[in-house]
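Novice: Give me coordinates for this.
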Amino acid sequence: MTNDLEISAHIHDSVHVFALNLPPEEVPAFVEAGPDRWPLKEALGAEALDPAGVDVIQIEDLTGVGLPGYLIDGSGMDPEAIEADRARLMVLSGHVLVIHSSAFQGTAQTLIPGPELTFIARYSGPGSSFVGEPLRSASAEGQISATAEAAPPSDAKMGGRVATIALLVLFLLVGLMIWVAV
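Specialist: The predicted model follows:
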């Protein structure tokens, strides 16, 4: 069984949840993106990862809300999917990572989590379950006619055009009268 996670370039409105298997004192150095290296990115085996899309959460800080509440209310994930995993999410302790799809920066990649990380689940927002490649079909090509007939202009459009021309003619007549008077 493989722990590899395929990330589509078209993934959106979803999160990947990981448990951090580190002592609390090692977490800050692990999740902090440095100028030369980022241990979290290396442990994920990620090609592209934006720190702005990664939430590091200490479970104990979610008292009263819990991780399910955070995922539903804080990240907008599908309540039905979260409720189905509620028991599993409620037993987590320590630190977890919530990696939003925006963190992958539209890059298709395969994540190979190291021993510091345990993949918990991937959740999508309501109505956003499609994460695959765009569909292409030869049968859909050439269906739109390039010579479609334009609808005749409405009465409002014609009235506006007439008013604009009338104002231009009046402007020219007033200008001509001022020029002759001077």
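Novice: Where is the longest helix in the chain?
Specialist: Ranked by number of residues, the top helix in the chain under DSSP state H is helix 155-181.
Novice: Which other helices and strands does that one contact?
Specialist: Contact here means 3 or more Cβ pairs under 8 Å, 6 or more residues apart in numbering; DSSP states H and E; on that basis helix 155-181 packs against no helix or strand. (C-beta placed from N, C-alpha, C; glycine too.)
Novice: does residue 126 really touch residue 75, like I thought?
Specialist: No - the pair residue 126 and residue 75 fails to qualify as a contact (Cβ atoms under 8 Å) at a distance of 11.8 Å.
Novice: Settle it for me: which of the two has more neighbours?
Specialist: Taking neighbours as other Cβ atoms under 10 Å, residue 126 and residue 75 compare with residue 75 leading, 17 against 12.
Novice: which residues of the chain fall in helices?
Specialist: Under the criterion DSSP H, the chain contains helices at 27-31, 39-44, 66-69, 79-84, 86-90, 155-181.
Novice: Do you know the pLDDT at residue 159?
Specialist: If you check residue 159, the pLDDT there is 86.
Novice: what separates it from residue 151, distance-wise?
Specialist: Distance, residue 159 to residue 151, by Cβ to Cβ, to the nearest Å: 16 Å.
Novice: For the two, indicate the residue with more neighbours.
Specialist: A count of neighbours by other Cβ under 10 Å puts residue 159 above the other of residue 159 and residue 151, at 11 against 6.
Novice: Cheers, nothing more for now.
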